[in-house]
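J.: Structure of the sequence below:
(one chain, ligands or ions: 1)
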Amino acid sequence: MKNNSRRAFMEKAFGAVAGVGAIASLYAMKKTWDPLPSVKAAGFTTLDLSAYEGNKLVTEKWRGKPVFVLKQTPDMVEVAKKKGELKRLIKVGNDYYLVALGLCTHLGCIPGYNPDTKSFLCACHGGTYDSTADVTKAPPPRGLDIPPFKINGNTIVLGEEGPEYKQMLKEGITLRV
Ligand code: FES
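T.: Here you go, the predicted structure:
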């Protein structure tokens, strides 16, 4: 091999090795950027609805936010039916549940629930909501928002968009959160 062609060969070989090295380090960097599988899964919260009791508010957590779960008693269902608010509730089997973000739609305070009056009061500026978390007194501009959910047997998965949630969005029952 002449000197010139040897140099060309060496340059090509070096280029090829450097290329492989660059791809390897890009791959390593991508692996670092990708979220861990457990972090991805952390965007979802699964709730077994059979564990809840009627008219007893339970505060769960989804993506760091409080989520109210309130199983409706038969009389609460009757009232909601009369007000045309059943559509705000999630039906699983024969039972209805309110599942809503526990953050006031005015300025984000956490409302408190009174099981005697079956209503929520936001102490920050006096806004109130009924037992389906629809607003009954301003200043909140709307009812509590409903997180994306998917019904799966007796459980719901928060963070997944099932057909019932998509229908709520379509009917303007909740905003996308
Ligand atoms: S933050 Fe709830 S009424 Fe203002």
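
J.: And the ligand, is stretch 60-79 touching that?
T.: No - using Cβ under 6 Å from any ligand atom, stretch 60-79 never reaches the ligand; the gap is at least 13.6 Å. To be clear about C-beta, it is placed using only N, CA and C from the backbone, and glycine gets the same treatment.

J.: who touches the spatially most central residue of the chain in this structure?
T.: Nearest to the geometric centre of the chain sits residue 159, at 3.9 Å (Cα atoms, centre = their mean). Going by Cβ atoms under 8 Å, 6 or more residues apart in numbering, residue 159 touches 43, 44, 45, 62, 63, 147, 148.

J.: let's see 6 Å
T.: By Cβ atoms under 6 Å, 6 or more residues apart in numbering, residue 159 lies in contact with 43, 44.

J.: of all the residues in this protein, which ones are close to the ligand?
T.: So far as Cβ under 6 Å from any ligand atom goes, the chain lies against the ligand at 104, 106, 107, 109, 122, 124, 125, 127, 139, 140.

J.: I'd like these as CSV, with pLDDT and secondary structure appended.
T.: Listed next are these as CSV, based on pLDDT from 0 to 100; DSSP: H, G, I helix; E, B strand; the rest coil:
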residue, pLDDT, secondary structure
104, 98, coil
106, 98, coil
107, 98, coil
109, 98, coil
122, 98, strand
124, 98, coil
125, 98, coil
127, 98, strand
139, 98, coil
140, 98, coil
